[in-house]
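**Q** Here is the input, now give the coordinates:
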Amino acid sequence: IGFAAAGKAPKLREESIFWLGQTRGAPGADFIERVARTDPSDEVREHAVFSLSQSDVNDAYDRVLGISKNDTSADVRGKALFWMAQMEDPRAQADIIAALGMESSEDVREEAIFALSQLDETVAAAALISVIRGNYPRSVKEKALFWLGELGTDEALAFIDGILTR
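**A** Predicted coordinates for the structure are as follows:
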């Protein structure tokens, strides 16, 4: 915790924050969450969100979800959405799609679409197709279509073929 304190070298802080999440259970996660919510540096908060996503505490996903909704930085909110997708929590798809509907930042919406593309292929394809069919800005749908094409699954390609043959 002392090495992770403000004023220490950034690399030392990042390493300390990460290892607190890996080795200190709930007390480590509590500390990391405080850093993720209160540190004045966006970069440190982003790293803290990553570290929290790697923690094995039962409520790590809920903590990252809270940060994705409340951080003042669009970059931190976007990274939180990305790490939610990496956490293999079954709620991630719905939570990321919900963020698309509530988020005002174009950058965060773009990160949310990318996060959806990182889910399990089948889930990702269904999620991206639902965004394309949904009531979202054109720019969001364009990004979803791009990442759907990148998936290259049978479902994704069948959807794209259907669009192209209309």
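**Q** Ends of stretch 112-127, what's the gap?
**A** The first and final residues of stretch 112-127 sit 11 Å from each other (CA to CA, to the nearest Å).
**Q** Pull out the buried residues from that stretch.
**A** Along stretch 112-127, these residues count as buried under the neighbour rule (16 or more other CB atoms under 10 Å): 112-119, 124-127. Where C-beta positions appear, they are placed from N, C-alpha and C, glycine not excepted.
**Q** Kindly report the same for stretch 39-50.
**A** Applying a neighbour-count criterion of 16+ other CB under 10 Å, the buried positions in stretch 39-50 are 39, 44-50.
**Q** Which of those residues sits closest to residue 97?
**A** Checking these against residue 97 by CB to CB gives residue 49 as the nearest, at 19.4 Å.
**Q** circling back: name the nearest of the buried residues of stretch 39-50 relative to residue 68.
**A** Looking at those and their distance to residue 68, the nearest is residue 49, at 8.2 Å (CB to CB).
**Q** quick one: that closest one and residue 159, what's the gap?
**A** Look at residue 49 and residue 159: by CB to CB, to the nearest Å, they are 32 Å apart.
**Q** before we move on, what about residue 67?
**A** Taking CB to CB, one finds residue 67 at 32 Å from residue 159.
**Q** Who has more neighbours out of the two?
**A** residue 67 (25 against 20; other CB atoms under 10 Å).
**Q** Run a quick check on the more buried one versus residue 75, I expect a contact.
**A** No: in this structure, residue 67 is not within contact of residue 75 by CB atoms under 8 Å, at 11.8 Å.
**Q** and residue 40, what does it touch?
**A** residue 6 (CB atoms under 8 Å, 6 or more residues apart in numbering).
**Q** Many thanks, have a good one.
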